[in-house]
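**Student:** I would like to see how this sequence folds:
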Amino acid sequence: MTTEEIQQYVDAAVRGKFPDVTTESGEMMTSEGGDGRFLGKVIATRYSDFPDGRDLYLAIGETKHQRQIIKFGDSECLAPGENELDLLLLKELGIGDPEQIVSSGEDDGE
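**Tutor:** Next up, the predicted model:
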């Protein structure tokens, strides 16, 4: 998925469950050696005004090996697809049906 597709997917899920949440997005560059797992340009979105008062961040960038990485809340994932994003949304915000997420990721043998 592209950075834009990930942003749209996560934003639609978050706003679907929490319509009053506010967002603030921007781009930043890491220091020359990288900041932790991210290296280079990072696209970040802060989600605020959740019912419990917390803020949650979505950061999308690349590793030093030029693999896409995202961090959503306390969770990280390399090169996520929809199933991985669904798992992160479930873990961080309780969005989604655990049974449906698990079954959609299983191989049906066909």
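
**Student:** quick one: the strands in this protein?
**Tutor:** 22-29, 39-48, 56-62, 68-72, 75-78 (DSSP state E).

**Student:** so residue 7 sits right up against residue 70, yeah?
**Tutor:** No. The criterion here is CB atoms under 8 Å, and residue 7 misses it with residue 70 at 9.8 Å. Every residue, glycine included, has its C-beta placed from N, CA and C.

**Student:** quick one, which of those two is more surrounded?
**Tutor:** Taking neighbours as other CB atoms under 10 Å, residue 7 and residue 70 compare with residue 70 leading, 25 against 18.

**Student:** sorry, back to before: need the strands of the chain in a markdown table (columns: distance to residue 92 and mean pLDDT).
**Tutor:** Formatted as a markdown table, the strands of the chain follow (distance: least, CB to CB, whole Å; pLDDT from 0 to 100):
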| stretch | distance to residue 92 | mean pLDDT |
| --- | --- | --- |
| strand 22-29 | 15 | 94 |
| strand 39-48 | 10 | 93 |
| strand 56-62 | 6 | 95 |
| strand 68-72 | 6 | 96 |
| strand 75-78 | 6 | 95 |
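
**Student:** and of those, who's closest to residue 98?
**Tutor:** Nearest to residue 98, of all these, is strand 75-78, at 15.1 Å by CB to CB.

**Student:** what strands line up against the closest one, and which way round?
**Tutor:** Applying DSSP bridges to the sheet, strand 75-78 is found paired with strand 68-72 (antiparallel).

**Student:** mind checking how far the residue most central in space within the chain is from residue 78?
**Tutor:** In the chain, the C-alpha nearest the mean C-alpha coordinate belongs to residue 72, at 4.3 Å (CA atoms, centre = their mean). Applying CB to CB, to the nearest Å, the value for residue 72 to residue 78 is 13 Å.

**Student:** thank you kindly, that will do.
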